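Undergrad: show me the folded form of this:
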Amino acid sequence: MRRQHAAPAVIATSLLLGSVSSVPALAKQDEPVLNNAYQQWSTQTEFAAGSFAGTTIDGGAITIDAPSGTFDYTDPFGDGSTVTYDVATWTSPEIDPGFDYTQLIASWNARTPEGTWIQIGVSGLADDGTQSKEYILGRWADDESTIHRTSVPSQGDGLNFVAIDTLISYDGRSMQTWKLTVSLFRKSGSTASPSISLIGAVASDLPEKLKAAKEPSPLGGAQGIELAVPTYSQETHIGHYPEFNGGGEAWCSPTSTAMILGYWQQTHGEQYGPSPADYAWVDTTDDDPYVDHSAARTYDWNYDGTGNWPYNTAYAGTFGLESFVTRLRDLNEAEQFIRAGIPLVVSLSFKKNELTGAGYGTNGHLLTIIGFTEDGDVIVNDPASHLIPSNDEVRVVYDRLEFENVWVPHSGGVAYVIRPGDVQLPSAPDQANW
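TA: Below you'll find the model as predicted:
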């Protein structure tokens, strides 16, 4: 099965991580610790702490006020023409996560009316105290009416490189601080503006030698809880829309994201996902057209795939859901979200014999955590379950220890957190990763 995150990130992460995770709170003296720290801005007061260049806060979101310059852009997936855009920026405060970090993933919630788009950049102090350049973590828009959303290749400079959606330090290097710059673009002469309602990032120090956990993480109080998340199979979409990588095994991430949106639509209101009008372009023989819609709106034209992590949470954010990417340390932390009524999408990889009951192996895959058994094993909606094309085969129970050992070390514990704003997050740990 083909991983639905960028292949370069898989290779780089496998070099930086070892074989499995340890739990920081329980780590023994000779075991490395997985450091994760998340910081976001999503309120008027929080945004006010940043630096504005041609931007303002309107309705609790960052928008263009008076552009600070222009930018000529030739869409590499467009018709070859160059378009001039007005540009304005907002830059976050500089963040010291409390440790030198080796990876960073940014995420955002935004809307981009026709003629507008945004770019996310990151910079900071390197391990030697010098200032890094700015690395581009995405050029993004709601749809393709203005630009094709895309990651940006070939940014390595000996300090860091960008693996599709993740800033990664080269071996032996690290970063001390970070700050995000959001650039807002609109066609020159237009009065339209993108709006940014949330921007954040998780910084991680991923040790090179994480040992395989011999015992599962402690139970977290979610035993016996199962959230009623709808079941969608990615395998029922084999061959759909080749322009978005053709469905099937290529769509695990948007299928998982669509399941979360379906959950919030069923429990909190139809506004939290696409409407029939939104996916009216999908073939009427498709029983789950919202999956095709999710794939189209998460597709990264540079990566040629739908597994760009923050593109999936940004897609959810277009429906008013507060959505971000972070890294969790174990299933104990995941249980806190299930207790709060919040299902998760997580990224993992494994050989066929490493996850009992999966029936397949994968270099990278995404699925949803929806609950836990009374014994603490994890209940998931696995869109690739048994590779049988049926929504009825999606719900699976996986062994707790096996699951942790194919999740945390292989993606650093990546999780999509997607929820309505009135659903409270669980209390964060001392080293806050949400």
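
Undergrad: going forward, measure contacts between C-alpha atoms and count neighbours the same way
TA: Fine.

Undergrad: for Asp422, helix, strand, or coil?
TA: coil (DSSP: H, G, I helix; E, B strand; the rest coil).

Undergrad: strands along the stretch 51-200 of the chain, start to end?
TA: 51-53, 55-58, 61-64, 69-74, 82-91, 103-111, 116-123, 135-140, 160-163, 166-169, 179-187, 195-205 (DSSP state E, counting those that start in this stretch).

Undergrad: which secondary structure element contains Asn363?
TA: strand 362-372 (DSSP states H and E).

Undergrad: export the strands of the stretch 51-200 of the chain as JSON lines, with columns for mean neighbour count, distance to Leu227 and mean pLDDT.
TA: Putting the strands of the stretch 51-200 of the chain into JSON lines (neighbours: other C-alpha atoms under 10 Å; distance: least, C-alpha to C-alpha, whole Å; pLDDT from 0 to 100) gives the following:
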{"stretch": "strand 51-53", "mean neighbour count": "17", "distance to Leu227": "41", "mean pLDDT": "98"}
{"stretch": "strand 55-58", "mean neighbour count": "19", "distance to Leu227": "36", "mean pLDDT": "98"}
{"stretch": "strand 61-64", "mean neighbour count": "24", "distance to Leu227": "31", "mean pLDDT": "98"}
{"stretch": "strand 69-74", "mean neighbour count": "14", "distance to Leu227": "45", "mean pLDDT": "98"}
{"stretch": "strand 82-91", "mean neighbour count": "20", "distance to Leu227": "38", "mean pLDDT": "98"}
{"stretch": "strand 103-111", "mean neighbour count": "25", "distance to Leu227": "25", "mean pLDDT": "98"}
{"stretch": "strand 116-123", "mean neighbour count": "23", "distance to Leu227": "34", "mean pLDDT": "98"}
{"stretch": "strand 135-140", "mean neighbour count": "23", "distance to Leu227": "31", "mean pLDDT": "98"}
{"stretch": "strand 160-163", "mean neighbour count": "24", "distance to Leu227": "33", "mean pLDDT": "98"}
{"stretch": "strand 166-169", "mean neighbour count": "24", "distance to Leu227": "30", "mean pLDDT": "98"}
{"stretch": "strand 179-187", "mean neighbour count": "23", "distance to Leu227": "35", "mean pLDDT": "98"}
{"stretch": "strand 195-205", "mean neighbour count": "24", "distance to Leu227": "26", "mean pLDDT": "98"}
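
Undergrad: redo those strands as JSON lines? Include distance to Val345.
TA: JSON lines is the format used below for the strands of the stretch 51-200 of the chain (distance: least, C-alpha to C-alpha, whole Å):
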{"stretch": "strand 51-53", "distance to Val345": "33"}
{"stretch": "strand 55-58", "distance to Val345": "31"}
{"stretch": "strand 61-64", "distance to Val345": "26"}
{"stretch": "strand 69-74", "distance to Val345": "34"}
{"stretch": "strand 82-91", "distance to Val345": "29"}
{"stretch": "strand 103-111", "distance to Val345": "15"}
{"stretch": "strand 116-123", "distance to Val345": "23"}
{"stretch": "strand 135-140", "distance to Val345": "21"}
{"stretch": "strand 160-163", "distance to Val345": "20"}
{"stretch": "strand 166-169", "distance to Val345": "17"}
{"stretch": "strand 179-187", "distance to Val345": "24"}
{"stretch": "strand 195-205", "distance to Val345": "16"}
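
Undergrad: next SSE downstream of the strand holding Asn363?
TA: strand 378-381.

Undergrad: now the longest helix anywhere in the chain - C-alpha only, CSV.
TA: Of all the segments assigned as helix in the chain under DSSP state H, the longest by residue count is helix 252-268. Output in CSV follows, covering the C-alpha atoms of helix 252-268 (Å, rounded to 0.1, in the frame of the first residue of the first chain):
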residue,chain,number,x,y,z
CYS,A,252,-6.6,6.8,2.8
SER,A,253,-6.0,10.3,4.2
PRO,A,254,-9.0,12.1,2.5
THR,A,255,-11.2,9.0,3.3
SER,A,256,-10.3,9.2,7.0
THR,A,257,-10.8,13.0,7.0
ALA,A,258,-14.2,12.5,5.3
MET,A,259,-15.2,10.1,8.1
ILE,A,260,-14.4,12.7,10.7
LEU,A,261,-16.4,15.3,8.9
GLY,A,262,-19.3,12.8,8.6
TYR,A,263,-19.1,12.3,12.4
TRP,A,264,-19.4,16.0,13.1
GLN,A,265,-22.2,16.5,10.5
GLN,A,266,-24.2,13.7,12.2
THR,A,267,-23.6,14.9,15.8
HIS,A,268,-23.3,18.7,15.4
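
Undergrad: ok, residues contacting it?
TA: Identification of contacts with helix 252-268 by C-alpha atoms under 8 Å, 6 or more residues apart in numbering yields 4, 228-234, 270-273, 290-291, 294-295, 298, 306-307, 312-313, 316, 343-345, 365-368, 381-384, 418-420.

Undergrad: can you give me the angle that helix makes with strand 362-372?
TA: 20 degrees (axes from the mean of the first three to the mean of the last three C-alpha atoms, to 10 degrees).

Undergrad: quick check: ChimeraX command selecting the buried ones in the contacts of helix 252-268.
TA: In ChimeraX syntax, the buried subset of the contacts of helix 252-268 is picked out as below (16 or more other C-alpha atoms under 10 Å):
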select :4,229,230,231,232,233,234,272,273,290,291,294,295,298,306,307,312,313,316,343,344,345,365,366,367,368,381,382,383,384,418,419,420
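
Undergrad: for the stretch 251-400 of the chain, what spans make up the helices?
TA: 252-268, 289-298, 309-317, 331-339, 400-411 (DSSP state H, counting those that start in this stretch).

Undergrad: and these: which comes nearest Ser195?
TA: Checking those against Ser195 by C-alpha to C-alpha gives helix 309-317 as the closest, at 11.6 Å.

Undergrad: I appreciate the help and will end here.
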